[in-house]
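Trainee: This is the structure alone, sequence omitted:
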């Protein structure tokens, strides 16, 4: 039953679990597996609270910046871990930097579906506030959505 676990109410766990930012219970994506075909397809509305996931036309263009920041954070983290655990010098005779680059970019390539989904959930959570009493409050209707523009033509 949705809403039974209090762990889903925390921001970080709701983002990592790809939950709706308004109720932090409903699934944002249609598929749970990030590596399945069409894994970035989102529900039009949250299945629990009804929050629209596309607030306006082109809403998710900004997720490219978020995905880029997550990618840089992943590369920086792997570099620091590699430097501490294995060591890196910039000597002409030391190839460990190239081994790090190969491992880091392979990991980045493998993690890209997860990073893309996480960037969408983060972006949405920055524009939709958490409402613990979402059942009592109506949904704020977005100013522009695709359906309204299609009806105005």
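Mentor: Right, received. Where do you want to start? What you see is a predicted model, and the numbers here were worked out from it, not measured in a lab.

Trainee: which ones are touching the residue most central in space within the chain?
Mentor: Taking C-alpha atoms, centre = their mean, the centroid of the chain lies closest to residue 118, which sits 1.5 Å from it. The contact partners of residue 118, by C-beta atoms under 8 Å, 6 or more residues apart in numbering, come to 15-16, 18, 70. (C-beta placed from N, C-alpha, C; glycine too.)

Trainee: secondary structure class for it?
Mentor: Secondary structure for residue 118, judged by DSSP: H, G, I helix; E, B strand; the rest coil, is helix.

Trainee: what does the model give it for pLDDT?
Mentor: With respect to pLDDT, residue 118 scores 95.

Trainee: Mind pulling the model confidence for whatever residue is furthest in space from the centre of the chain?
Mentor: The centre of the chain is farthest from one residue, residue 93, which by C-alpha atoms, centre = their mean lies 40.1 Å away. In this model, residue 93 is scored at 82, pLDDT.

Trainee: how far away is it from residue 105?
Mentor: Noted for residue 93: a distance of 23 Å to residue 105, by C-beta to C-beta, to the nearest Å.

Trainee: Ends of stretch 51-69, what's the gap?
Mentor: 26 Å (C-alpha to C-alpha, to the nearest Å).

Trainee: That stretch: which residues count as buried?
Mentor: 51-55, 59-60, 63, 66-67 (16 or more other C-beta atoms under 10 Å).

Trainee: Take those residues and lay them out in a markdown table including distance to residue 114 and pLDDT.
Mentor: Below are the buried residues of stretch 51-69 laid out as a markdown table (distance: C-beta to C-beta, whole Å; pLDDT from 0 to 100):
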| residue | distance to residue 114 | pLDDT |
| --- | --- | --- |
| 51 | 23 | 89 |
| 52 | 24 | 89 |
| 53 | 18 | 88 |
| 54 | 21 | 87 |
| 55 | 23 | 85 |
| 59 | 21 | 87 |
| 60 | 16 | 90 |
| 63 | 13 | 92 |
| 66 | 13 | 95 |
| 67 | 10 | 95 |
